[in-house]
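Novice: Sequence first, predicted coordinates after that:
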Amino acid sequence: MENEFSVEDYKKAVGSFVTGITVVTAVSGEGPVGFTCQSFTSLSLDPPTILISVAQTSRTFSTIALHKKFCVNILAAGSARLARDFAFMDPSIRFSAHSWISSAEGNPILGAAMSWLDCELVQSVEVEDHLIAIGRVISVGLSNDNLEPLTYFKGLFGEFVQLQNL
Ligand SMILES: Cc1cc2nc3c(=O)[nH]c(=O)nc-3n(C[C@H](O)[C@H](O)[C@H](O)COP(=O)(O)O)c2cc1C
């Protein structure tokens, strides 16, 4: 028997799962596009694939669906403002406030990324109001591998703390 729960309880339950934060980027004829994305995970090793879950309303995803390529930028600690900007700022000015360069595929790599994965879109599956987008990883970069990650927990940005003696 299903138990009844509110949207708030559902958000609290899934929000208690701590994650890192990424910005998923792509390039359209009009320039770079991108959005803050928590729902990133590695999927397979051989060949390497990853997945992201994207709202069907995402403007960035319409570019990804068209050009079949995107880059996952894994953010370093200290990038909380950038993460907010790529979620809430007008998409047309998101890139003007932050440094970036183009990958070999033309996708934006953010200066704030501690690592990045350039991907080819191989499949997208519609699930209710979201899409699962699966990317085949074609190149990776470890720009700032020695940095700590940006984390997200219960709607708040944070940092990673290593436990001692374990
Ligand atoms: C911390 C955080 C995590 C987010 N994670 C996701 C996500 O996993 N998938 C998603 O579709 N939107 C996510 N969003 C919301 C998008 O970043 C936001 O709706 C953005 O404006 C979409 O931009 P676009 O329409 O230009 O693609 C997240 C927002 C925040 C603040």
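Specialist: That came in fine, so what should we check first?
Novice: Count the neighbours of T151 for me.
Specialist: Taking other C-beta atoms under 10 Å as the criterion, the count of residues near T151 is 18. Just so you know, the C-beta spots here come from the backbone N, C-alpha and C atoms, and that holds for glycine as well.
Novice: cool, and G106?
Specialist: 13.
Novice: Might you report the residue contacts of it?
Specialist: G106 sits next to 27, 69 when contact means C-beta atoms under 8 Å, 6 or more residues apart in numbering.
Novice: what residues does the chain put near the ligand?
Specialist: Residues of the chain found near the ligand (C-beta under 6 Å from any ligand atom) are 21, 35-39, 53-55, 58-60, 83, 87, 91, 152.
Novice: Just the residues you listed: which are in helices?
Specialist: 59-60, 83, 87 (DSSP state H).
Novice: show me where pLDDT drops low in this structure?
Specialist: 1, 145 (pLDDT under 70).
Novice: rerun that using 90 as the cut-off
Specialist: 1-3, 143-147, 165-166 (pLDDT under 90).
Novice: what about the strands in it?
Specialist: Counting by DSSP state E, one finds strands in the chain at the ranges 19-20, 22-28, 31-37, 40-45, 48-55, 69-75, 100-102, 108-110, 113-127, 130-141, 150-153, 156-159.
Novice: Need the ones you listed in JSON lines (columns: distance to K11).
Specialist: Shown next, in JSON lines, are the strands of the chain (distance: least, C-beta to C-beta, whole Å):
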{"stretch": "strand 19-20", "distance to K11": "14"}
{"stretch": "strand 22-28", "distance to K11": "20"}
{"stretch": "strand 31-37", "distance to K11": "17"}
{"stretch": "strand 40-45", "distance to K11": "19"}
{"stretch": "strand 48-55", "distance to K11": "14"}
{"stretch": "strand 69-75", "distance to K11": "22"}
{"stretch": "strand 100-102", "distance to K11": "31"}
{"stretch": "strand 108-110", "distance to K11": "27"}
{"stretch": "strand 113-127", "distance to K11": "18"}
{"stretch": "strand 130-141", "distance to K11": "14"}
{"stretch": "strand 150-153", "distance to K11": "13"}
{"stretch": "strand 156-159", "distance to K11": "13"}
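Novice: who wins for proximity to E2 among the ones you listed?
Specialist: The closest of these to E2 is strand 113-127. By C-beta to C-beta, the value is 18.7 Å.
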